[in-house]
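> what would the 3D arrangement of this be:
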Amino acid sequence: MGIRSGTPEPKYQVVGQVGAVEIRQYAPRLAASVTVPGDEIAARSAGFRKLAGFIFGGNTAKTSISMTAPVAQSSAKIAMTAPVVQTLGPGGAWTIMFYMPAGYTEATLPKPNDPAISIVEVPGETDAVVRFSGIPGAKPVAQAKQVLMATLAGSDWVPAGDVFEWFYDPPWTLPFARRNEVGVAVTRRGP
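Residues are numbered from 1 along each chain as shown. Okay, here's the model as predicted:
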């Protein structure tokens, strides 16, 4: 069915709950990042393909870096964590990111051969996240974003950035079994 099993993910601590929204504290982590133009779905596919090229040997070490989800692991690997991240940037371009596993640094991670891919440090942050299943098309993602923002309105948490999208499963995963999330960095509301 394509369900992830025991796949590494960025570590986090749950620090709060507002209805269906989980408040998570994440530590700093590395990510491979690429920005591509196009509509939401086409950009996700194009960005995913570019990043998959990097993790399947398109790097200076010619090392296969297996992403734990949504790409299957291979024998020579640097395990990559789920989820795949997508955010809308300036000019309608989308940034797609794969998180790298804990324990790697910019110095120890193979460098991408594709100059459009960069390795970035994602700072530690507190995120409000809502989970949903199904095929992550534009409409379900938009609905999940509405739930997230409506739930945060009037709560102790204030959005402090742009809403992002996280996808955990390969495309052949049955829709009801898919794990998708939308989230936003948050800060505590002042007195």
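> phi, psi for the residue nearest to residue 91 when sequence neighbours are not counted please.
Distances taken as C-beta to C-beta, 6 or more residues apart in numbering place residue 37 nearest to residue 91, at 7.6 Å, with adjacent residues excluded. All C-beta spots, glycine's among them, are computed from the backbone N, C-alpha and C. When read as degrees, to the nearest 10, the backbone of residue 37 gives phi -80, psi 170.
> now do the contacts for residue 37.
43, 91-94 (C-beta atoms under 8 Å, 6 or more residues apart in numbering).
> right, and the helix or strand after the lowest-mean-pLDDT helix or strand in the chain?
Lowest on mean pLDDT, DSSP states H and E among the helices and strands of the chain sits strand 81-88, with a mean of 66. Following strand 81-88 in sequence order, the next helix or strand is strand 94-99 (DSSP states H and E).
> separation between residue 157 and residue 189?
7 Å (C-beta to C-beta, to the nearest Å).
> ok, the two, which is more surrounded?
Counted by other C-beta atoms under 10 Å, residue 157 and residue 189 do not tie: residue 157 has more neighbours, with 23 against 11.
> before we move on, back to that, now the two most distant members of the contacts of residue 37.
Between any two of the contacts of residue 37, the greatest separation by C-beta to C-beta is 11.8 Å, found for 43 and 91.
> per-residue pLDDT, the residue nearest to residue 91?
Residue 37 carries a pLDDT score of 84 in this model.
> how far away is it from residue 164?
Noted for residue 37: a distance of 18 Å to residue 164, by C-beta to C-beta.
> my guess is residue 190 is in a strand, correct?
No - going by DSSP: H, G, I helix; E, B strand; the rest coil, the assignment for residue 190 is coil, not a strand.
> how many residues are close by residue 113?
Residue 113, neighbours per other C-beta under 10 Å, totals 13.
> correction: residue 99
23.
> hang on, it packs against residue 26?
No - assessed by C-beta atoms under 8 Å, residue 99 is found out of contact with residue 26, at 9.7 Å.
> from the structure, what's the count of residues near residue 131?
For residue 131, using other C-beta under 10 Å, the count is 15.
> need the contact list for it.
20, 22, 179-181.
> low-confidence ranges in the chain?
1-7, 64-86, 90 (pLDDT under 70).
> any idea how far residue 128 is from residue 51?
25 Å.
> now residue 176
Distance from residue 176 to residue 128, counting by C-beta to C-beta: 24 Å.
> check residue 37 too.
Distance from residue 37 to residue 128, by C-beta to C-beta: 28 Å.
> same check on residue 42?
On the measure of C-beta to C-beta, residue 42 and residue 128 end up 28 Å apart.
> check residue 155 too.
9 Å.
> tell me which helix or strand residue 139 sits in.
helix 138-152.
> list the contacts of that helix.
So helix 138-152 is contacted by 18-21, 39-41, 128-130, 132, 134, 158-159, 163, 165, 180-184, 186 (C-beta under 8 Å, 6+ apart).
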